[in-house]
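[1] Sequence below, structure please.
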Amino acid sequence: MFCSQVLTLGAATVVARPHEEQEHSCAGLLWHSSTAGQSHASDGLLSLAASTTAIDARLQAMRGSAVLPACLCCRFFKVSERGSSIGTEIKSGIATFLTMSYILLVNPQILGAAGLPVKAVVTATALSSTLASLLVGLTANLPVGMSPGMGLNAYLVFSQVLGLHVSIEKALAGCLVAAGVVAVLAVIRALSLILRVVPDSIKLATVVGMGLLLTFIGLQSSKIVVKDEETMVTMGNLLGLEPVLAISGLAIIAALHFRNVKGSIIIGIMVTAVAYFAIQRTWPTSFVALPHLQFFPLDFSELFSKEHISPAAWSAVLAYSLVMVFDIGGAMFGLGNLAGLVKDGQVPGAVVTYLAAALGTALGAVTGTTPLIIAAESAVGIKEGGRTGLVAVTVSGCFLLSMFLAPFLQAIPQVATAPVLVLVGAMMMGESIHIDWSSMVTAVPAFLTIVIQPFTFSIANGIYAGLVMSVLLYVLTGSFMDLFRKEEEYDKEPFTEDLETRLLPEADGVANGQPNGHSPHPSQEAAWGVPAAMGAVPIEASSSYRRASLSRTFDGHHSLTGGSHGSYQRGSFTMYINTLGSQPSPGRSFLRSQQGDSEDPEH
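    Residues are numbered from 1 along each chain as shown. The predicted structure follows:
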């Protein structure tokens, strides 16, 4: 009958259509059959009965297939609404994991220097990343992955354990307390205040200083830089095995990254490791094993005991907390803007994203790893078309499977991962172009924040040095007097603008006649703003300089990580947002001119 033919055609269409259209097709199937029944009422009740029976049979068959689960998945993650498909989301999640999976190799190498078992750290890294990525995917529906932050692992090892001789149990206890602090601040809506109070120059300089610290560690572990009695450090034997392999590995990774090869870091590590195994004639004997999960007893005696409270212990907690807040806030807005999810200056799911990171950090603390942040390598998956939390769920699944590779990951030599630390340091240096070096009010605190970190092997020392100098200059230059002037008399110098004014107006997308999160050209920069501690992130772009979310295009120039397209992609440490506003400096004006940006909305 014609009705049955239409029904069969409609069912076939449901199966053949892309995933994003399946939920609409499921509903359309009944509509087609109903319309056909009405159009051919002359066929009689027998035809109607036959069509009804066929509908029931088709729906029953669909219930046992993957069509209805796919419809439910589309509806839950809003795949169709965000213009994507299930296949695209899964592919984007795999691409994101391949880009950020180097953390499974580097993190155990760094934390192993403090005496943590490498197999246990591999499991802790994978397990905490699995939990945090799964939660952010299911609750915030953001296409981002989470993993332990580079720099924080080096801080725990070289500043706390090896520098201050803090026990592993006490250091991990500080990580757990930092997770609780971030969670509480998110719930009580205090994170936006912190992001507004801390000067932008300190936020940006913290990233650069972490990059220098990681670079110094990488050069030391590859024996390119060695200890010297007179000058403290000097150049090592560059013709030795480790320096040659490290330099070669760095060149391979940088070249592949330049050409936008997916998984370039993993490829470079593997090539370097194979070369090391071949030269040393020592090959891994096992590759797969059950996860080695270990729970570490935590020691809170220096944090909560009245007799033994340690300022250094609470200093570490503050450092962990601030870096988590800065990093997650900036990366969340930048990646959300890149994915086109910023609407009315807000990114949905801010609070639950912070809570997901806090829960992942808490699990990592008891199993043997450092605090988690949003990996800006998630930009790779977003550029592949990922728009929903299904990307994060896919990343979570990949991390879960990677827990079984601990024996192989443990066999990777340190010289193979050392080039990654240097490359990451180079990426993090990109933040320095956003610091106003023409003003001593911003330049001196930023410089101290940068150099104190590698010189003292402490992120906390760098942050405190920058904050103290900022306060001193704020008072000695008389900038604090601006607080008592009328708004129209403000000169808009750094740190003087009213913190409560113009938090939302004139976002870049609106100024250019485009919706927030979209721009007419890929080279046009997106507005940056201040992540709030609620389910949204308010931004201010009226007087702030504008920065690209996770990529920049410089006309006529090539960058280390952008390839021939000239797109500069920063690593997991892109985090910071201009919160106070200032007049464009000559350096910023030059940057805008190079990018073709203009303050005139008509351009």
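[2] just for the stretch 351-500 of the chain, where's the confidence low?
    Along the stretch 351-500 of the chain, segments meeting pLDDT under 70 span 485-500.
[3] Longest helix in this protein, please.
    As assigned by DSSP state H, the longest helix anywhere in the chain is helix 311-338.
[4] How about that helix, which residues are buried there?
    312-313, 315-338 (16 or more other C-beta atoms under 10 Å). Heads up, the C-betas are built off the backbone N, CA and C, glycines and all.
[5] Skip ahead from it and say which helix or strand is next.
    As assigned by DSSP states H and E, the chain's next helix or strand after helix 311-338 is helix 350-367.
[6] unless I'm mixing things up, Val444 is touching Leu473, no?
    Yes: using C-beta atoms under 8 Å, Val444 is in contact with Leu473, at 6.8 Å.
[7] and the nearest residue to Ala312 once chain neighbours are set aside, helix, strand or coil?
    Once flanking residues are discounted, Ala312 sits nearest to Leu164: 6.0 Å by C-beta to C-beta, 6 or more residues apart in numbering. When classified by DSSP: H, G, I helix; E, B strand; the rest coil, Leu164 comes out as coil.
[8] Just give me the neighbour total for Leu164.
    The tally of other residues near Leu164 (other C-beta atoms under 10 Å) stands at 17.
[9] Next one: it from Phe326, what distance?
    Distance from Leu164 to Phe326, counting by C-beta to C-beta, to the nearest Å: 23 Å.
[10] Same check on Val415?
    From Val415 across to Phe326, the span is 32 Å (C-beta to C-beta).
[11] now Tyr354: how far from Glu384?
    Tyr354 is 26 Å from Glu384, by C-beta to C-beta.
[12] higher neighbour count, the two?
    Higher neighbour count among Tyr354 and Glu384: Tyr354, with 25 against 18, using other C-beta under 10 Å.
[13] Now Ile224: closest residue in space, sequence neighbours ignored.
    Ile224's closest residue in space is Pro243 (C-beta to C-beta, 6+ apart), at 5.0 Å.
[14] Report the secondary structure element holding the one you found.
    helix 241-258.
[15] Now the helix or strand just after that helix: buried residues?
    With elements assigned by DSSP H and E, the helix or strand that comes after helix 241-258 is helix 264-280. By 16+ other C-beta under 10 Å, the buried positions in helix 264-280 come out as 264-273, 275-277.
[16] In TSV, list those along with distance to Asn107.
    Formatted as TSV, these follow (distance: C-beta to C-beta, whole Å):
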residue	distance to Asn107
Ser264	18
Ile265	13
Ile266	14
Ile267	19
Gly268	17
Ile269	13
Met270	17
Val271	20
Thr272	17
Ala273	16
Ala275	22
Tyr276	19
Phe277	21
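[17] Please enumerate the helices of the stretch 51-200 of the chain.
    67-77, 86-100, 103-112, 118-135, 152-154, 168-187, 191-197, 200-221 (DSSP state H, counting those that start in this stretch).
[18] Ok, which of the ones you listed comes nearest Phe480?
    When those are compared by C-beta to C-beta, helix 191-197 sits nearest Phe480, at 13.8 Å.
[19] Give me the distance between the two termini of stretch 145-165.
    Using C-alpha to C-alpha, to the nearest Å, the end-to-end distance of stretch 145-165 comes out at 33 Å.
[20] Buried residues, it. List them.
    145-161, 164.
[21] do stretch 233-244 as well
    Quick answer for stretch 233-244 (16+ other C-beta under 10 Å): Gly236, Glu242, Pro243, Val244.
[22] Pass me the low-pLDDT residue ranges in the protein, would you?
    Counting by pLDDT under 70, the chain contains low-confidence ranges at 1-70, 345, 485-603.
[23] May I have the phi/psi pair for the closest residue to Tyr155 other than its chain neighbours?
    Closest residue to Tyr155 apart from its sequence neighbours, by C-beta to C-beta, 6+ apart: Ile459 at 4.7 Å. When read as degrees, to the nearest 10, the backbone of Ile459 gives phi -70, psi -40.
[24] can you check Lys227 too?
    According to degrees, to the nearest 10, Lys227 has phi -70, psi 140.
[25] do Val225 as well
    Phi and psi for Val225, reported as degrees, to the nearest 10, are phi -110, psi 130.
[26] Glu81 too?
    phi -60, psi -30.
[27] show me the contacts for it.
    Under the criterion of C-beta atoms under 8 Å, 6 or more residues apart in numbering, Glu81 has no neighbours.
[28] With Gly340 as the reference, measure out to it.
    Remark: distance between Glu81 and Gly340 (C-beta to C-beta) = 12 Å.
[29] With Thr367 instead?
    Counting by C-beta to C-beta, the gap from Thr367 to Gly340 is 36 Å.
[30] got it, and Gly330?
    Per C-beta to C-beta, Gly330 is found 18 Å from Gly340.
[31] again, but for Ile253
    According to C-beta to C-beta, Ile253 and Gly340 sit 30 Å apart.
[32] same thing with Asn461?
    Distance of Asn461 to Gly340, given as C-beta to C-beta: 40 Å.
[33] and if you look at Ser128?
    From Ser128 over to Gly340 the distance is 29 Å, taken as C-beta to C-beta.
[34] now Asp327
    Applying C-beta to C-beta, the value for Asp327 to Gly340 is 22 Å.
[35] Check Asn237 too.
    Distance, Asn237 to Gly340, using C-beta to C-beta: 51 Å.
[36] and if you look at Leu193?
    Taken as C-beta to C-beta, the span from Leu193 to Gly340 is 28 Å.
[37] go on, Leu318?
    To Gly340, Leu318 is 35 Å away according to C-beta to C-beta.
[38] likewise Ala254?
    For Ala254, the distance to Gly340 - C-beta to C-beta - is 30 Å.
[39] How about Val444?
    Following C-beta to C-beta, the distance that separates Val444 from Gly340 is 39 Å.
[40] picking up where we left off before, Leu193 and Gly340: which is more packed in?
    Neighbours per residue, other C-beta under 10 Å: of Leu193 and Gly340, the larger number sits with Gly340, 18 against 14.
[41] hang on, that one packs against Gly385?
    No: the pair Gly340 / Gly385 is not scored as a contact, 11.2 Å apart, by C-beta under 8 Å.
[42] I'd like to know how many residues surround Val444.
    Val444: 17 neighbours (other C-beta under 10 Å).
[43] could you say which helix or strand contains it?
    Using DSSP H and E, Val444 falls in helix 440-456.
[44] All the helices of the stretch 401-550 of the chain, residue numbers only.
    Listed from the start of the chain, the stretch 401-550 of the chain has helices (DSSP H, counting those that start in this stretch) covering 406-411, 414-428, 440-456, 459-476, 508-511.
[45] Looking at those helices, which is nearest to Leu213?
    Among the helices of the stretch 401-550 of the chain, helix 440-456 comes nearest to Leu213, with 4.6 Å by C-beta to C-beta.
[46] got the angle for the closest one vs helix 200-221?
    20 degrees (axes from the mean of the first three to the mean of the last three C-alpha atoms, to 10 degrees).
[47] buried ones in helix 440-456?
    The neighbour-count check on helix 440-456 (16+ other C-beta under 10 Å) flags 441-454, 456 as buried.
[48] Against which helices or strands is it packed?
    Contact analysis of helix 440-456 by 3 or more C-beta pairs under 8 Å, 6 or more residues apart in numbering; DSSP states H and E lists helix 200-221, helix 459-476 as its packing neighbours.
[49] Thought Met100 was touching Gly145, still the case?
    Yes: here Gly145 reaches Met100: they are 5.7 Å apart, a contact under C-beta under 8 Å.
[50] overlap in contacts of these two?
    Joint contacts of Gly145 and Met100 (C-beta under 8 Å, 6+ apart) are Ala375, Glu377, Ser378, Val395.
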